[in-house]
Each structure stands twice: as structure tokens, then as C-alpha cells.
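Visitor: structure for the following, please:
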Amino acid sequence: MEKYKIFNTHTHIFTIDHVPNKFGKRLMPLGLHHIITMRLVKWYYKNFTSRGNYNYKVFRNRLTSIKYGIKEFFRKTIVIHLLFGILFFILGWLFKIIVNFFKLEVVFSKSTRETFKRFLTLGRYSLYQDQSKIFDLLSKSYDYDTRFVVLSMDMDFMEGGKPAKPYLEQLEELRCLKLRKQENLLPFLFLDPRRIAATRNDVKHKNYENYAKHLLHSQQFDGIKLYPALGYYPFDKDLIEMYLFAQENEIPIITHCIEGTVFYRGKKKSEWNHHPILKYNKKGGIYEPIPLPQREGYEYTTNFTHPLNYHCLLNKDMLNTYLGNSPSEAIDLSKLKICLAHFGGEDEWKKYLNDGWNNYNKNITHDSVADYHMRKNTLNHGNPRTIWWNASWLSVIYDLMVEYDNVYADISFILHDESLFPLLKFILEDEKVKHKVLFGSDYYVVSQKDTEKDLHLNLRGYLGESLFELIANTNPRKFLSTKFKQY
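Guide: Got it, this is the predicted structure:
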């Protein structure tokens, strides 16, 4: 069999310096985010880990030598040796109780526990001072000619404090790294409508929208990254011009579509209490916007990420009604090439598998497109409120992939849960969507679960070479090709 190049379409190499200092805001209890900051995490790993500080490594080795020396001394005295054995057993037992206490959901929320895991991951990588070092580490887990889509992250507007290095410095560092890694690195620039709006009246490259178009047109960057959970809808009016540019030039867009710990840390705004586009029949033919009553940041920011928002973006009638465009001004973004990253996430996959009642969570089949269109689905259901609250995100994304020509999904953050592999394989044998699924690992975020090598080799072994080549080579080459470059 002829060797094929692997494309990993979802990775990150930003450093801890690119993360807002108070990342734990609205996640940690008792105002701990003021104490456990990114600077503190970095300081700890730099000074109190063996990898970060050689002197500390020497100190730990000496302590270990002293400990074993003491143990060896007490072995000569049976009574004292027994007492120390009991003491260490009790201390170990207490430590396990404390660890399990911190795991209890009744004590700390899921989001808080996930934040601690994210802090540990960021800490492990905090010793790398620039993105090139992390990229080199990533590359070593794959064949030498593997290509990596690297997604930048603009967290300057998430209201979590200021990062040590602002987004534009991260972007410039990526641009320079691209010059050195032309064949292997495919960086995606970030779009935040607030940055576009804030720089609209600036000139030349200080105008971010103009600068983004320049970077894409000159092939210094290969695509666009969105992260609506940071506080905006994907159909934000300030993004429309960039979408038109992307659609015209077939530029790929990867957007975050999963619950997670990276989200807007500010307070909920009053206009976020209802959906801007989707309405439901409240009573007697009176249609009202879907209410969005969540109050906590972790909960209400999922409204920005919900996959139904992309139906609002890609459906011509819904989008132009929202924009207030007349028929002569109407725009059509239905051909936008967009990948819904994470495929909704493992929880939504399990929700789909566990729901035996609702027809909208039974939509994944090997039926033909004609048969698919004869049935109701999450996009044409009479009550969008029902779909919004009850349908698995996997169901919605699947329907979007069938309905729209250029909607893709990647499997990042699905990889670590092998119980989902059978459903993934079933989807990859579905002629309607098999050519729209992309391999991505979400490095280094998923490194908190397994090693990068474990993740992709386990999946590759399960799927077999034919299906793995489909998602790691054939489909990515189609997704990543633009009017400027073909893969």
C-alpha cells in the first residue's frame, strides 16, 4: 500500500503566556481565581518541579536518598520499623480520602474539576517558552511528514484578566513559525467580532479584518478559527464580511462545538436571555424567541456554541431576516466551508446512545439522502425549542452535515473514549457523511487523558487503514484546499 500523509486537523500549541491570568474566574469557588493564577501556575512548575528546576531536582533526589537511608536504619529496629509502617499507611489512607473528596461532584462542580485538570495540563506545558517547542513535541508523536492544523486562540476578550502575551503576539509568533515549517504547519487565525469591531476604523494592518484577509490571501495562514463560547454567536454581524471572503475563496473554518472550560468570564448580558433568531410557537400561533434563562457562565455560554446556531448562519432566509436585508440585498452563506469541531463532544454522543425515546435522536442511519429528506429531523422540526433543549448535539451536527454541502466535523476529544469507536465507525460507513469527518486530536488539551501517540494509534488500529486514511488524508485534503492552494 502506498504511504499517505496524515493530516491532524485540530491541534493547539499556544503557551500558558497566551492564557488570561485569571483563567479560573467563574470556575473556582471562594474567589480562588485571584490566588491560583496563570502566573502562579507557571511559577510553581518553573521552581518546584524536576523538569523546571535542576536545583529542585537535586534537592528531591537528596530527600529520596535520606528517606531510604532512614528506612534502612529503622529496619534494624523491628518495633520502630513497624510504627513507621503504620504511620505511613495512615498518612497514605488520609491522602486517598482527601483526593477522593476533591473528586466528589457534590463538593466541586464538573466545570471546577475540569478547570483543575486544565490547569495541570497548562502547567505541564508552561515550561515551554514559545510555540515552536510545543510544536516540535507534537511532531514527534507522528510520522515525520504529518501535517498539523494549528489553531490560534484569542482570549483577550473573555474577561478573564490579561494574558502575559496578547493574541497579536501569539499570531505573529505563529506566522514566523510557519515560515520555518512550511510543509508541516497549517496555522489558522482567530476571528472574534469584538476585535473586528474595535479596529474597524484603523488603517492598514491595524485593521484586523483587513489584516486577516491579507494573511489568508498571501497563504501565511491556512484557515479561520472560531470560538463562540468566548461570548458571541457565530452569526454575529461583524463576522459576515469575513464569511463572504472565506466562502468566495473556499477558505476552511473550524469552530468550537462542545461544552468546555474555556468560555466568557464576564456577567450575562440582558440581550442574551433570548435567542436572537430562533422562535417557537408559544400559544395560539404566537411566536416568541426561545428563552435562555441560564445564569452561570459555564451554562449560558453553551448557548453561543449550540450547533443550531450554524443552521441560523447557513440558512439564507433565517440569516437575512436577522440581518434585516431586503431581497435585493440578501446574502447566501450556505456554501461556507465549516467544521464543527469535537462533533458535539463525548457527553452528547452518549446522550444520543442513551436516548431511546425521541425520534430526533435516532436520525443516524445508512438510509439514502432521498429517504433522509422524507423524515423530520432536527433542522425542520416544528418546535426548535424542543430541539434546542432536548436533542443531542450529535443529532444536530449530523443533520447539518447532510443538509449543507460544506459542513464537516472533526473527532477531537472523542478519541480518548474508546466506547464511542463503534458509533464512529458506523458513521464512517454512512455514504451521506463519511466524506465529511476529519481526524483531529485537540493536542495538547487531550493530553490530560492519554498520550498523543496512544490516541491516534488506538483509533487507527480500531478503524483500520482504509477508514483512517479517509479521515486523516482524503477528507482533510478536500477540506483544507482553497482557491489559493490545493492539497
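Visitor: for the chain, which spans come out with low pLDDT?
Guide: Filtered on pLDDT under 70, the chain yields the residue ranges 1-2, 56, 71, 74-76, 78-79, 81, 98-120, 126, 446-450.
Visitor: list the residues that contact the residue most central in space within it.
Guide: Averaging the C-alpha coordinates of the chain gives a centre point, and the residue nearest to it by Cα atoms, centre = their mean is His256 (5.0 Å). For His256, the set of contacting residues under the criterion of Cβ atoms under 8 Å, 6 or more residues apart in numbering consists of Leu226, Tyr227, Pro228, Ala229, Val262, Thr305, Ala341, His342. Using the backbone N, CA and C atoms, a C-beta is placed for each residue, glycine as well.
Visitor: that one pairs with what?
Guide: Bridge pairing for His256 (DSSP bridges) gives the partners Ala341.
Visitor: where's it relative to Lys57, distance?
Guide: When distances are taken as Cβ to Cβ, to the nearest Å, His256 and Lys57 turn out to be 38 Å apart.
Visitor: return the distance of the residue nearest to the centre of the chain relative to Asp347.
Guide: Taking Cβ to Cβ as the measure, His256 falls 15 Å from Asp347.
Visitor: try Met155
Guide: Distance, Met155 to Asp347, by Cβ to Cβ: 23 Å.
Visitor: same check on Phe73?
Guide: With distances taken as Cβ to Cβ, Phe73 is found 53 Å from Asp347.
Visitor: look at those two and report which has more neighbours.
Guide: More crowded of Phe73 and Asp347, by other Cβ atoms under 10 Å: Asp347, with 15 against 11.
Visitor: list of residues touching the strand or helix carrying that one?
Guide: Applying DSSP states H and E as the criterion places Asp347 in helix 346-354. Helix 346-354 is contacted from outside by 258-259, 343, 361, 364, 392-395, 413-414, 416-417, 420, 423, using Cβ under 8 Å, 6+ apart.
Visitor: which ChimeraX command selects the buried ones in those residues?
Guide: Command for ChimeraX that selects the buried part of the contacts of helix 346-354, burial taken from 16 or more other Cβ atoms under 10 Å:
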select :258,259,343,361,364,392,393,394,395,413,414,416,420,423
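Visitor: out of the contacts of helix 346-354, who's nearest Asn309?
Guide: Of all the contacts of helix 346-354, Trp393 has the smallest distance to Asn309: 11.0 Å, by Cβ to Cβ.
Visitor: please, where are all the strands along the stretch 301-450 of the chain?
Guide: In the stretch 301-450 of the chain, the strands defined using DSSP state E, counting those that start in this stretch lie at 338-341, 407-410, 437-438.
Visitor: could you redo those strands as a markdown table and give each row distance to Leu179?
Guide: Rendered in a markdown table, the data for those read as follows (distance: least, Cβ to Cβ, whole Å):
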| stretch | distance to Leu179 |
| --- | --- |
| strand 338-341 | 25 |
| strand 407-410 | 26 |
| strand 437-438 | 26 |
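Visitor: for these, which one sits closest to Thr9?
Guide: Among those, strand 437-438 comes nearest to Thr9, with 4.5 Å by Cβ to Cβ.
Visitor: Asp442: what's it in contact with?
Guide: For Asp442, the set of contacting residues under the criterion of Cβ under 8 Å, 6+ apart consists of His10, Thr11, His12, Ala341, His342, Ser412, Phe413, Leu415.
Visitor: hmm, back to that, check the strands of the stretch 301-450 of the chain for me and report the most buried one.
Guide: Neighbour counts (mean count of other Cβ atoms under 10 Å) averaged over each of these peak at strand 338-341, with a mean of 28.
Visitor: who touches it?
Guide: Outside strand 338-341, the residues within contact range by Cβ under 8 Å, 6+ apart are 9-10, 252-258, 307, 310, 314, 397, 400, 406-410, 412, 438, 440, 442, 479.
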